[in-house]
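Participant: Give me coordinates for this.
(one chain, ligands or ions: 1)
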Amino acid sequence: MSANAVLLPGFRGMARMILKPPNKIRMLSGWKISLAKNGSFAGKAGGQNTWVGVRIISSLGLEPGSKFGHLAVGRTFCASPGTVDVEKSVADEDEGGLTVPPPRLTLKELCEERVPQHILEKAEELGFKYPTLAQQEALPVLLSGFDCLLHAQTGSGKTLAYLLPILAKLVPRAAVQAIIVVPTRELGMQVAKVARTLMGKSLKSTDTDSEEKGDVRVSGKGEGKGNLTVMTLLDGGSANRQKKWIKAAPPQLIVGTLRCISRLIESNHLRCNAITTIVIDEIDTLLGSAKEGNHLQNLLSVHTRATDRQTIFASATVPQHNRFLHDCVQNKWAKNDIVHVHVTPEVMMPRYLQHRYVVCDKQDKLDTLVALLNADNPRAAIIFVNEQNEKSRRNGDPPPTSIVAEFLSEKLRLGELGKKVERSRDLWEPLILEEDDHINQRVSTLSEFREGRCLLVATDIAARGLDLPEVSHVYNIDLPPSVTSYIHRAGRTGRRPIEEEQGVVTSFIISKELFVLRRIENEAQTRITPLHIDVGPKEE
Ligand SMILES: Nc1ncnc2c1ncn2[C@@H]1O[C@H](COP(=O)(O)OP(=O)(O)OP(=O)(O)O)[C@@H](O)[C@H]1O
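Facilitator: Below is the predicted model of the structure:
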């Protein structure tokens, strides 16, 4: 059997593929394959007792006599006759870390002949030489064209995993061929930027104006590719301009929010007949709302058909994922053989996060925050607050973001914050990111933060998908409204997988909230340790 062979789907029952010793191969995703004496095998999901059928989707490097190899597995059995002599799996040496220890396949080897060389070279130039664990597991599935629920920790590299198969398929004809749905404008800009960079846009480009508007044309190099365009359709953009652009020259790839994409489809400005891939990133943000559910249903099973395209759902958190997979098939959002790539299901959050909590009175939270910022001296930090409630809005109270930012500003001015700061104090002037801000304000806030400002006070608008590798600390001034929200807020730090530097997450709670924190700890399968901090004497 050759490397990269895609095995036949659909066979249910005992597999007929013959594998030789060892009699147990630990799979990267926590699956185990056990070999019976007659060479047949069965799979077992990590932590569960039931033996279930395993479908081998593709194999890489598994050739007779090979020492290392990789199998991607799905949910049900399938098999192809053949003999594979496996002495040892790479996965046997992996302890569940984010990247796979050497010797391992490079990203280029993993994607060879399936993704154009110039894109792989660009990825390597960006520092993506080896796949992350999520990419290692997902790419064989995605590049084989299977529909997929890609379910992997925050910061595990899901964006590159779904972009590579899309970019591999785009052709320079004037028709929308792929759509990526994202929950926020900020995430949309980020994803579009990665796509454009992989397509060959110069890293040194200063074309930020057109980037902001979402209209950048990129010349693909070699592989017979001509001009490819990525367009963003994001909240706050001008609907008229978007319509004009799409009509004049349809882009090959669209990154947008569900609302904007649906509006253009329904007004017949965006035609879906050439679509080959749809990605729904952060899928769980769209579940549970009737309005979003309707838009999703229309996009996935009215305006387009699951059988005509590849569908990819991605998130670090997919509550009730088995139910979701079932509903996906029932609603015709995906094909029957959708694969669930669930990376390290036993570890919901990156291991290199440290979780702490501080118990204090409500009125002491901000003083405690200042003391902690002085002690931690973060490289960059996001301070999360909850959304302002309706009552407080009606009363004309300032939003929690402003209250926190103004308090920190004042302490900075008094010299009580940033005592150990070696950089310019101005960099510690807090920024604010929240939904109510004007779009231009949000854009400039994020770019200032990326360029070296240290403190960002934000609502959950900053919790999803934003990749800000400089963030060393996350502070939850208010306890997040759900476990999911805790996981995503926490995931904004510790995003330097290669260095494996620890990110620190600190939640401020009043004593009554301790039980809520324990619930988060249980459900997120993590340990949150208490921290005692001396705020110092109070001024009269
Ligand atoms: N193969 C790779 N090697 C090194 N770094 C990588 C690789 N793939 C992605 N990264 C980097 O890892 C970081 C996280 O990637 P990405 O934003 O795709 O994570 P994610 O899984 O989408 O996270 P989230 O769930 O928070 O949205 C980014 O800085 C990205 O550039």
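
Participant: For residue 379, see how far away the spatially most central residue of the chain is.
Facilitator: Computing the C-alpha centroid of the chain and ranking residues by CA atoms, centre = their mean puts residue 158 first, at 4.8 Å. Residue 158 sits 24 Å away from residue 379, going by CB to CB, to the nearest Å. From N, CA and C alone the C-beta is placed, and that goes for glycine too.

Participant: Residue 317 now?
Facilitator: Distance, residue 317 to residue 379, by CB to CB: 26 Å.

Participant: If you count surrounding residues, which of the two has more?
Facilitator: residue 317 (24 against 15; other CB atoms under 10 Å).

Participant: Could you verify my assumption that the residue nearest to the centre of the chain touches residue 151?
Facilitator: No: here residue 158 does not reach residue 151: they are 9.0 Å apart, not a contact under CB atoms under 8 Å.

Participant: Between these two, which contacts overlap?
Facilitator: Common neighbours of residue 158 and residue 151 (criterion: CB atoms under 8 Å, 6 or more residues apart in numbering): 314, 316.

Participant: in the stretch 351-500 of the chain, which spans are helices?
Facilitator: Along the stretch 351-500 of the chain, counting by DSSP state H, counting those that start in this stretch, helices occupy 365-376, 390-394, 400-413, 439-450, 483-490.

Participant: any idea which of those helices is most buried?
Facilitator: Sort those by mean neighbour count, taking mean count of other CB atoms under 10 Å, and helix 483-490 sits at the top with a mean of 24.

Participant: who touches it?
Facilitator: With CB under 8 Å, 6+ apart, helix 483-490 has contacts from 154, 284, 316-317, 319, 348-349, 353, 355, 382, 384, 460, 463-464, 474, 476, 480, 503, 505, 507, 519-520, 523-524.

Participant: do the same with stretch 255-269
Facilitator: For stretch 255-269, with CB under 8 Å, 6+ apart as the criterion, the contacting residues are 179-185, 188, 191-192, 195, 214, 230-235, 237, 239, 242-243, 246-247, 254, 270, 272, 286, 292, 295-296, 298-299, 303.

Participant: Now intersect those with the strands, please.
Facilitator: Using DSSP state E, the subset of the contacts of stretch 255-269 located in strands is 179-181, 230-233, 254.

Participant: Closest one to residue 442 out of these, please.
Facilitator: residue 232 (13.8 Å; CB to CB).

Participant: Specify the beta-bridge partners of that closest one.
Facilitator: Using DSSP bridges, the bridge partners assigned to residue 232 are residue 255.

Participant: That one: neighbour count?
Facilitator: By other CB under 10 Å, neighbour count at residue 232 equals 28.

Participant: swap in residue 200?
Facilitator: For residue 200, the tally of surrounding residues (other CB under 10 Å) stands at 17.

Participant: That one contacts residue 121, correct?
Facilitator: No: look at residue 200 against residue 121 with CB under 8 Å: they stay out of range, at 9.7 Å.

Participant: wait, does the helix or strand hosting residue 120 contact the ligand?
Facilitator: Assigned by DSSP states H and E, residue 120 belongs to helix 117-125. No: Helix 117-125 does not reach the ligand (CB under 6 Å from any ligand atom); its nearest approach is 7.4 Å.

Participant: Alongside the ligand, which residues does the stretch 301-450 of the chain contribute?
Facilitator: Close to the ligand, as judged by CB under 6 Å from any ligand atom, the stretch 301-450 of the chain has residues residue 316.

Participant: repeat that with 8 Å
Facilitator: Where the stretch 301-450 of the chain comes near the ligand, counting by CB under 8 Å from any ligand atom, the residues are 314-316.

Participant: Great, nothing more from me.
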